[in-house]
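**Q** Build me a model from this:
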Amino acid sequence: MKEEFEKLAAAGKIEGRHVAALTHLAEAGCCTHRSWGFGRIKTVDTVFARFTIDFAGKPGHPMDLAFAAESLKPVAKDHILARKATDLDAVRHLAMHHLDLIKIVLNSFGGKATTDQIQQVLVPDVITSDWKKWWETARREMKKDGHFIVPLKKTEPVVYQAQEMSLQDRLLTDFRAAKGLKARVVVVAEILKADSDLKDRTACANEVIAALNPDIVSHQRTQPAVALEAIFARDELREATGTTPVAGEISAAQVWLQDGIRLGPLLEAIPAVKHYRALESFKQANPEKWQDVLRGALNHVSAKLAKEIAGILIHSGKLDLLKESLARLINQHGASSELLLWFGKERTEDFVDILGPEVFRAMLTAMERDQFNEKRSNRLRDFILEDQ
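**A** This is a model prediction of the structure:
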């Protein structure tokens with residue numbers, strides 16, 4: 001086509017500077033326009049100097065060659081958009097081979113793309129059923145494959161690299177690059193998930209634990225919740241890999257026994273999935289007074305955390321003490337809306353002797369108190385209105 005375009009330029013129908021751009025467009029056969037999106041070039045008319053292009057919603061659209069050269073970008077034949085346009089069935093078949101399809105998508109976007117970009121280009125044309133299930137399988141395969149870098153955050157891009165890197169090397173690279181102890185704990189969680197696929201579990205664990213320990217020391221007073229998370233992650237990694245404890249390590253008990261530690265605020269700063277373990281560690285660190293402290297904290301924490309505290313009291317044989325605390329708070333109308341929200345949702349046989357009209361009166365009092373204190377949350381009210 002280059003010769004044809006050169007003839008048009010010689011005849012003055014297009015400018016010479018457009019020849020290269022038009023040649024690339026004609027050879028690619030597909031293009032993109034900033035407003036109309038992806039298009040497939042159907043015909044090249046050298047008599048009237050125009051393309052005929054099928055855009056989404058604008059099939060058979062004629063476009064002057066000079067305008068096309070200025071406004072269109074060629075899309076290579078191996079680009080995912082071009083493959084979808086030319087042979088969608090083949091691309092759908094390729095979806096059974098997750099890594100092959102992801103590689104094509106990433107290469108189409110310069111070697112990297114976010115999860116949202118990948119979903120946008122594949123759903124619903126290629127992945128016609130359960131995207132979430134397909135993507136979770138693809139993520140697992142990518143993490144094991146040495147060519148893909150799968151980020152922890154959804155907003156960061158998945159990257160394809162020609163040079164293969166082992167799963168262990170990639171995870172250690174992520175760990176070393178993580179900024180801050182909390183970010184490192186997130187990577188340790190990924191290492192624990194991939195534990196059985198690591199080439200040298202002991203070496204990996206030793207490097208990670210050696211890096212965590214000094215960070216735990218520096219965080220135990222300023223950010224005790226983060227220090228606890230790191231201690232749990234460190235101990236889980238050690239247990240999974242069978243590595244030997246290091247002398248002088250900070251333990252969870254040492255964090256709890258520091259002066260000025262407040263149970264409720266510290267627990268609220270820890271992810272919910274770690275609440276039970278944190279409570280167990282507090283119990284072990286305070287064998288004589290743990291139940292009294294937990295009962296005292298019940299009225300000052302979220303409904304979710306109140307459930308965890310109640311659960312550990314019940315499992316430890318302290319149901320009567322728990323009921324005593326609940327009955328007193330309810331009868332005195334001192335129970336918080338969060339505590340009553342948990343209690344209203346719970347309603348098990350264990351509390352049948354407490355669940356009477358006084359509970360509802362205590363709920364009304366708690367809502368009035370929240371309104372007086374200009375508390376914005378209306379979760380207890382919403383629960384009462386929704387619960388038939």
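
**Q** What ranges does the chain have for its strands?
**A** For the chain, the strands defined by DSSP state E occupy 30-33, 37-45, 50-55, 58-64, 72-75, 112-113, 148-149, 158-160.

**Q** now could you export just the CA positions of the third one as CSV?
**A** Coordinates of the C-alpha atoms in strand 50-55 are reproduced here as CSV (Å, rounded to 0.1, in the frame of the first residue of the first chain):
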residue,chain,number,x,y,z
ARG,A,50,-10.6,7.4,2.1
PHE,A,51,-10.9,4.5,4.4
THR,A,52,-14.1,2.7,5.3
ILE,A,53,-14.0,1.7,9.0
ASP,A,54,-16.2,-0.3,11.3
PHE,A,55,-16.3,1.5,14.7
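
**Q** neighbouring strands for that strand, and are they parallel or not?
**A** strand 37-45 (antiparallel), strand 58-64 (antiparallel) (DSSP bridges).

**Q** How about the first one?
**A** Strand 30-33 sits in its sheet next to strand 37-45 (antiparallel), strand 72-75 (antiparallel), going by DSSP bridges.

**Q** could you dump that strand to PDB, C-alpha only?
**A** The C-alpha coordinates for strand 30-33 follow below in PDB (Å, rounded to 0.1, in the frame of the first residue of the first chain):
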ATOM      1  CA  CYS A  30      -7.200  -2.100  12.900                       C
ATOM      2  CA  CYS A  31      -7.100   1.300  14.700                       C
ATOM      3  CA  THR A  32      -8.300   3.400  17.600                       C
ATOM      4  CA  HIS A  33      -9.900   6.800  17.700                       C
END
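
**Q** And that strand, how far out from the chain middle?
**A** Counting by CA atoms, centre = their mean, to the nearest Å, strand 30-33 is centred 33 Å from the centre of its parent chain.

**Q** How about stretch 180-193?
**A** Distance, centroid of stretch 180-193 to centroid of chain: 13 Å (CA atoms, centre = their mean).

**Q** now that stretch: mean pLDDT?
**A** Per-region confidence: stretch 180-193 scores 94 on mean pLDDT.

**Q** Buried residues, that stretch. List them.
**A** For stretch 180-193, the neighbour count (16 or more other CB atoms under 10 Å) marks Leu181, Arg184, Val185, Val186, Val187, Val188, Glu190, Ile191 as buried. (Glycine included, C-beta is placed from N, CA and C.)

**Q** Columns distance to Met165 on top of the residues you listed, output as a markdown table?
**A** Output for the buried residues of stretch 180-193, formatted as a markdown table (distance: CB to CB, whole Å):
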| residue | distance to Met165 |
| --- | --- |
| Leu181 | 25 |
| Arg184 | 20 |
| Val185 | 23 |
| Val186 | 20 |
| Val187 | 15 |
| Val188 | 19 |
| Glu190 | 15 |
| Ile191 | 15 |
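
**Q** In helices, which of those residues fall?
**A** In helices, judged by DSSP state H, the following of the buried residues of stretch 180-193 are found: Leu181, Arg184, Val185, Val186, Val187, Val188, Glu190, Ile191.

**Q** Now flag whichever of those residues is closest to Met1.
**A** Glu190 (50.1 Å; CB to CB).

**Q** which residues in the stretch 101-250 of the chain form helices?
**A** 115-122, 131-144, 167-177, 181-193, 201-219, 224-241 (DSSP state H, counting those that start in this stretch).

**Q** before we move on, the earlier item: using CSV, please lay out the strands paired with strand 30-33 together with mean neighbour count and distance to Asp382.
**A** As requested, those are exported to CSV (neighbours: other CB atoms under 10 Å; distance: least, CB to CB, whole Å):
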stretch, mean neighbour count, distance to Asp382
strand 37-45, 16, 43
strand 72-75, 20, 50
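
**Q** closest one to Arg277 among those?
**A** strand 37-45 (49.9 Å).
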